[in-house]
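> model the structure of this input:
(chains A and B, ligands or ions: 1)
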Amino acid sequence: MDKKYQPIIGMETHVELKTKSGMFCGCKNDPDAKKPNIHTCPVCLGLPGALPVANKKAIEWTIKLGLALGCKINKLSKFDRKHYFYPDLPKGYQISQYDMPFCYQGKVETSFGPVRITRVHLEEDTGKLIHQNINGHNVSLIDFNRSGVPLVEVVTEPDIFSSVQAKEYAKKLRQIIRYLDISDCDMEKGGMRLEANISLLNVKSQMTNNKSNSKFKLPNYKVELKNINSFRFLERGIEYEIERQREILESGKTPIQETRGYNAEKNITFTQRTKEEAADYRYFPDPDLPPINISEKWLNEIKSTLPEPFDGLFKRWQEKYNLKPELVELLFETAEESKKLEELFKKCIKEKLSVEKFVNAMVHKKIKTIEEFKKMTNIDEVSDDDLKVIIEKILKVNPKAVADYKAGKINTINFLVGMVMREAKKKIEFQRLQDLIKSFL
Amino acid sequence: MSKKTLSTEEILHIAKLGNLTLTEKEVELFKKQLSSVIEYIDKLQEVDTKNVEPLSQTTGLTDIFRKDEPDEKRTLIPEEALKNTKSKENNLFKVKAVLTE
Ligand SMILES: [Zn+2]
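Below you'll find the predicted structure:
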């Protein structure tokens, strides 16, 4: 694309938490339910008189995610009603958060620059619509199993400038959420849903109009690309949108502010609903749900459950074990799994095996244990004490090599390593032998 | 506050938000009724709230939570859940198509 237009993208990501029960009711949270409408109750069906009560764990996990994203946490928070009519929303409103979200002002780092997080808030999921044609009539069928499942929304500032960066951001966010073990983020099952707000900035006109100001003014429209269920579709959908909007702008018009869907088969975006007027959700505090104080004590309790920061872990492993993040990230998802992995690294060090080679073997040869790794590299079990006896013997019968080494011909050590291996009749890690021999010289 | 009568557009907008279809007669009727309701509510503007904190709750309760435990005693079986709907299909609620490409 030419540099006349700069894509400006913000993202909204919905993630279903994997609590055992619903956000405001005791219905089982079961994304794998085999039959429709088997997990419903008066609360999540919106029957008159039903009273919602907030799930404490869902609140704690939302705050945990906020903390992991470097957010500030509101000391006082509440739930609000967001009103709109849609058949997947039985109450006629969704319980969400309006002006007092649990978390705000965070950040996710990408290789293209930081993406600021505007807010992280908690709401309830809606039912699932299935579109079908029955006896020649187009109908929508509704399954409320999903209705009332805790749903976290992460909103960014318009800090994303390409489809590739959008994909990187979304993948990073999924990694962080999975690392915290609060959601499976299964995109095929709708456990993670992506939305991108896309517009194009006319760079040239901005430069002439806005010389003194380094900050750009946002375009006067945006197109919302909704319900994308894969990273590849996100990238392609944004690419398509950029091209579509560029053509409209080139013809001297402004794209309509609207919601569009992505059709993966045709690789196009299509109009879902034109916003004739600004959405009128008539938010107000839900009188059924008392406000929530996030005390210093409670916040500290939540903080104490946070694992080592995700980015920090990779940095530390790179420094300590010389591990490439893009390789080792393939080996774990949750913080718990990362701990188990590091136990293996420590065992490697203890046995004088290369962690780097071990990780390589785990990724490329699909091995899982140190025993498998040893078998693969054919390294025999032999104790330091046994080796020391052999080394002493070899050094005694090769005085010339020893003298040469001490005189500065350090390559002589390779000869000595070979001699020790031959004497031991075993395969032993080269580095380990070299270090042992050096300790004698 | 000055007296204000809601316009036809405003009434239709409110009806749309409530998913209601109104006849012309009803529009005229609600114009008068809703305007007087608003006027009545406007009385609240007379109260001096300069030193009053905004309030979102009157029960005085805070921090009411439930433990994350399924409570299947309250779960409805599909037949119960769908009992009051006229339009259903294989234990699913059925409505006119809401999304067409
Ligand atoms: Zn329920």
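> residue contacts, the closest residue to A:Glu342 other than its chain neighbours?
Nearest residue to A:Glu342 in three dimensions, chain neighbours excluded: A:Trp317, at 7.8 Å (CB to CB, 6 or more residues apart in numbering or on different chains). C-beta here means a position set from N, CA and C on the backbone, and glycine is covered the same way. Going by CB atoms under 8 Å, 6 or more residues apart in numbering or on different chains, A:Trp317 touches A:323, A:325, A:328, A:342, A:345.
> burial measure for the last one, as a count.
Around A:Phe345 sit 20 other residues, with neighbours defined as other CB atoms under 10 Å in any protein chain shown.
> right, and B:Pro78 touches A:Pro36 too?
Yes: contact criterion CB atoms under 8 Å: B:Pro78 and A:Pro36 qualify, at 7.3 Å.
> so what sits against both of these two?
B:Asn91.
> compare the two and say which is more crowded by neighbours.
Shown here are B:Pro78 and A:Pro36; by other CB under 10 Å, A:Pro36 has more neighbours (24 against 19).
> from A:Asn74, how far out is the more buried one?
A:Pro36 sits 37 Å away from A:Asn74, taking CB to CB, to the nearest Å as the criterion.
> same thing with A:Ile294?
Per CB to CB, A:Ile294 is found 7 Å from A:Asn74.
> need the overlap of contacts for those two.
What both A:Ile294 and A:Asn74 touch, as defined by CB under 8 Å, 6+ apart, is the set A:Phe102.
> give me the buried entries from the contacts of A:Trp317.
For the contacts of A:Trp317, a neighbour count by 16 or more other CB atoms under 10 Å in any protein chain shown gives the buried set as A:323, A:328, A:342, A:345.
> rewinding a little: now for the residue nearest to A:Glu342, which secondary structure element holds it?
helix A:310-321 (DSSP states H and E).
> ok, and for that helix, which residues are buried?
Neighbour-count burial for helix A:310-321 flags A:310, A:313-314, A:317, A:321 (criterion: 16+ other CB under 10 Å).
> I'd say A:Leu330 and A:His364 touch.
No: with contact defined as CB under 8 Å, A:Leu330 does not reach A:His364; the gap is 9.9 Å.
> picking that back up, save the buried residues of helix A:310-321 as a markdown table, and put in pLDDT and distance to A:Asp99 too.
Below are the buried residues of helix A:310-321 laid out as a markdown table (pLDDT from 0 to 100; distance: CB to CB, whole Å):
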| residue | pLDDT | distance to A:Asp99 |
| --- | --- | --- |
| A:Phe310 | 90 | 29 |
| A:Leu313 | 94 | 35 |
| A:Phe314 | 93 | 36 |
| A:Trp317 | 95 | 41 |
| A:Tyr321 | 93 | 46 |
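> can you pick out the most distant pair from those?
A:Phe310 and A:Tyr321 (16.8 Å; CB to CB).
> so what's the residue nearest to A:Asp311 when sequence neighbours are not counted bridging to?
Of all residues not flanking A:Asp311 in the chain, A:Glu109 sits nearest, at 6.5 Å (CB to CB, 6+ apart). Taking DSSP bridges as the rule, A:Glu109 bridges to A:Pro114.
> measure A:Glu109 to A:Arg316 for me?
Note on A:Glu109: its distance to A:Arg316, by CB to CB, is 16 Å.
> what about A:Arg146, which SS state?
coil (DSSP: H, G, I helix; E, B strand; the rest coil).
> low-confidence ranges, chain B, go.
Chain B contains residues with pLDDT under 70 at B:1-3, B:99-101.
> distance check, the residue nearest to A:Glu342 against B:Lys88.
The gap separating A:Trp317 from B:Lys88 is 55 Å, by CB to CB.
> quick one, phi/psi of the residue nearest the centre of chain B?
Nearest to the mean C-alpha position of chain B, by CA atoms, centre = their mean, lies B:Gly18 at 7.1 Å. With angles defined as degrees, to the nearest 10, B:Gly18 sits at phi -90, psi 10.
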